[in-house]
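> next input, structure requested:
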Amino acid sequence: MKLLNKAISSVLIAIAAQTSISANAASCANPVEKLTRILNCIDVENAFCAASGYAWRFKKFHNGVDTRINNFLLSPIGWMTTFNFIGFEFDIQHLELLDEDTVDVHYYEYVRFPDGEIITQYEEAEVTFNSSCRMTLWDQEGDQAEQDAVDEKMRELFPWF
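Purely as a prediction, here's the structure:
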């Protein structure tokens, strides 16, 4: 009887493992939908939802330069802290699936600071997802002066970052 139970357990574990593997492989069936959801999470300032969209080793490039983003800032605590001081709004102009894991997005980003200033940026990005449907790469191009204005305002308001 013990041998039969072990055999049945082994089969059930194998089926569960295969189901789990299959679910992970297909879990990002729609990267466009996932990107839209993540940007909406940021729009509505839902830190846990926003953080769920990023792979731990996420990379962001602006005009070909690695921004060396601190991945802690993409955690729920990082997003909660950010949302206490800064708001974001996205106006999506274009969304297109380039291949099975990469989305092309063109958008206006409105960055709202606590002193009431809003800086507008127009950017175009290719966003890559892993098999767990988390973003691994955000490779954007945009006006460097707009990006510099956001970075300068951040340093002015938050010199410790």
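
> ok, Ile38 touching Cys133?
No - because the distance of 9.8 Å does not satisfy CB atoms under 8 Å, Ile38 is recorded as not touching Cys133. C-beta coordinates here come from the backbone N, C-alpha and C atoms, glycine included.

> can you pull out the helices in the chain?
For the chain, the helices defined by DSSP state H occupy 2-25, 31-43, 47-51, 76-85, 144-157.

> give the contact list for the closest residue to Met80 other than its chain neighbours.
Once its chain neighbours are removed from consideration, Met80 has its nearest residue in Ala47; the separation is 4.3 Å (CB to CB, 6 or more residues apart in numbering). For Ala47, the contact set (CB atoms under 8 Å, 6 or more residues apart in numbering) comprises Pro76, Ile77, Trp79, Met80, Phe83.

> low pLDDT regions in the protein?
With pLDDT under 70 as the threshold, the chain has low-confidence stretches at 1-27, 161.

> who is Asp91 paired with across the strands?
For Asp91, the beta-bridge partners under DSSP bridges are Tyr108.
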